[in-house]
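Novice: just to be clear, the model below is a prediction. Sequence and coordinates:
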Amino acid sequence: MRNGNLRTGVATLAAVSLSAALFGTAMAAEIAPKQVVYDEGKVSESLTGVPGNVEAGEKVMITRGQGNCIACHAVTALEKTPFHGEVGPTLDGAGERWTEAELRGIVANSKMTFEESMMPSFYKVDGYIRPGNAFTGKAAKTAELPPLLTAQQIEDVVAYLLTLKE
């Protein structure tokens, strides 16, 4: 009986160690906003190590309080959603116009590619001139804000944009 308890204990310890290792690897794969490496605006490395989800990216594109990309950009594929903006360029053909690394950089922090862009920096936490609390219209309560989108939401939007071909 004692030998059985030892085996059970070893098996449990091995399972816990494996879970911790896998969990730690998954956590280590996400790149924090301040750790993103921009190379002439491009971000070559995935922010999460997990492929983006096209459907989730579409949802971020059209949802107020998330990306709400269509508030400024027209996207023919999203014509079922009303009120497309004209401030930014049309995103039709984005998947052919820009590479994955370029799109990731633009969505994360467009000012790294287009210095005069009015587009929000979706994966930035500091360095704002007049910070607000996300899309609430209220002033920030702290100097460092959470990013507007998560790393995975950035990857999801990039995955969606890559599907936009002319």
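Specialist: That came in fine, so what should we check first?
Novice: tell me the contacts of residue 46?
Specialist: Residue 46 makes contact with 104, 155 under the criterion C-beta atoms under 8 Å, 6 or more residues apart in numbering. For glycine as for every other residue, the C-beta is placed from the backbone atoms N, C-alpha and C.
Novice: cool, the one 10 residues further on as well?
Specialist: For residue 56, the contact set (C-beta under 8 Å, 6+ apart) comprises 152-153, 156.
Novice: confirm it sits in a strand?
Specialist: No - looking at residue 56 with DSSP: H, G, I helix; E, B strand; the rest coil, it is helix, so not inside a strand.
Novice: domain-wise, how is the protein divided?
Specialist: According to automatic domain parsing, the chain comprises the domains 1-30, 32-162.
Novice: what's the local residue count around residue 32?
Specialist: Neighbour count of residue 32, defined by other C-beta atoms under 10 Å: 11.
Novice: err, residue 59, not the other one
Specialist: Residues within reach of residue 59, counting by other C-beta under 10 Å, total 16.
Novice: that one is in what secondary structure piece?
Specialist: Using DSSP states H and E, residue 59 sits in helix 54-62.
Novice: list the buried ones in that helix?
Specialist: 54, 56-62 (16 or more other C-beta atoms under 10 Å).
Novice: what's the most distant pair in those residues?
Specialist: Farthest-apart pair in these is 54 and 62; separation 13.1 Å (C-beta to C-beta).
Novice: can you get me the start-to-end distance on stretch 50-68?
Specialist: Distance between the boundary residues of stretch 50-68 (C-alpha to C-alpha, to the nearest Å) amounts to 22 Å.
Novice: and the helices in the protein?
Specialist: 2-29, 54-62, 94-97, 100-109, 151-162 (DSSP state H).
Novice: lowest-confidence stretch among these?
Specialist: Sorting the helices of the chain by mean pLDDT places helix 2-29 lowest, at a mean of 42.
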